[in-house]
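Undergrad: just to be clear, the model below is a prediction. Sequence and coordinates:
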Amino acid sequence: MKIDYVNLLDFKTPVIFKDGTEVYEAFKKEYKVHKVGFFILAPSGAGITYFINSQKKKKWIDGDELWVATKAHPKFGWWLQGLNYIKEICRRCDIVTEEAKKQGLWIMGSSSDVLRPDAVVIPDWRTHKKYIKARQEGNYDGGVTMEHFEISKYHRNVLNGWVKKGVPKFKSVGDAANYLVNLVDKL
């Protein structure tokens, strides 16, 4: 599914709920549907897009793609609008992610407020900064940049809160994905 950035909503556009069957069915045609849905939460710049683009079979969905398709994400730069606005957008994403999980889809992303993830990814800080720098200097597609490392640090602390609540923590997206794949095989 191609991300349509042109038709995203402006920051202050009021939103409504509507039937999302068409959007979820489109994702289910493109990505494998599983017995159980999963959500991996990772900070911006942790390697999600790289992992998604490297898949041989389309099993994992980049959350940004899902959240843009459902218009949960507004136009670019929403992550720079302050904590209250970020939390509002992340609550929208939580609703979409929860529904996608019910549909048997596997999602990876960095937008979540209160939805309990199935795993979190927190790369060591040196590696994380290197990934952010490489993305910014290479094929920048959005997300936190080197100028906004404090946003990454804040988000990493939020993710550590999930770890304290028992959510498994991994240093790489691939390790988290493998853990959940092995977990579903045991169900």
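TA: Good, I have the coordinates.
Undergrad: distance from the lengthiest helix in the chain to the middle of the chain?
TA: Assignment by DSSP state H gives helix 83-102 as the longest helix of the chain. When distances are taken as Cα atoms, centre = their mean, to the nearest Å, helix 83-102 is centred 10 Å away from the chain's centroid.
Undergrad: mind listing what's buried in that helix?
TA: When burial is assessed from 16 or more other Cβ atoms under 10 Å, helix 83-102 yields the following buried residues: 86, 88-90, 92-94, 96-101. C-betas here are computed from N, CA, C, even on glycine.
Undergrad: from the residues you listed, pick the one nearest I122.
TA: Taking Cβ to Cβ as the measure, I122 lies nearest C90 of those, at 17.1 Å.
Undergrad: determine which residue lies closest to the centroid of the protein.
TA: Residue closest to the average C-alpha location in the chain (Cα atoms, centre = their mean): G109, at 1.1 Å.
Undergrad: and the spatially closest residue to it that is not a sequence neighbour, how many neighbours?
TA: Among residues not flanking G109 along the chain, G63 sits closest, at 2.1 Å (Cβ to Cβ, 6 or more residues apart in numbering). Neighbourhood size, G63 [other Cβ atoms under 10 Å]: 26.
Undergrad: report the contact partners of G63.
TA: Counting by Cβ atoms under 8 Å, 6 or more residues apart in numbering, G63 touches F39, I48, C93, T97, I107, M108, G109, S110, S111.
Undergrad: just the pLDDT at it, thanks.
TA: Looking at G63, its pLDDT stands at 94.
Undergrad: would you reformat the buried residues of helix 83-102 as JSON lines and include distance to L115 and pLDDT?
TA: Output for the buried residues of helix 83-102, formatted as JSON lines (distance: Cβ to Cβ, whole Å; pLDDT from 0 to 100):
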{"residue": "I86", "distance to L115": "15", "pLDDT": "79"}
{"residue": "E88", "distance to L115": "14", "pLDDT": "85"}
{"residue": "I89", "distance to L115": "13", "pLDDT": "84"}
{"residue": "C90", "distance to L115": "9", "pLDDT": "86"}
{"residue": "R92", "distance to L115": "11", "pLDDT": "88"}
{"residue": "C93", "distance to L115": "8", "pLDDT": "92"}
{"residue": "D94", "distance to L115": "4", "pLDDT": "95"}
{"residue": "V96", "distance to L115": "10", "pLDDT": "95"}
{"residue": "T97", "distance to L115": "6", "pLDDT": "96"}
{"residue": "E98", "distance to L115": "6", "pLDDT": "97"}
{"residue": "E99", "distance to L115": "11", "pLDDT": "96"}
{"residue": "A100", "distance to L115": "11", "pLDDT": "97"}
{"residue": "K101", "distance to L115": "9", "pLDDT": "97"}
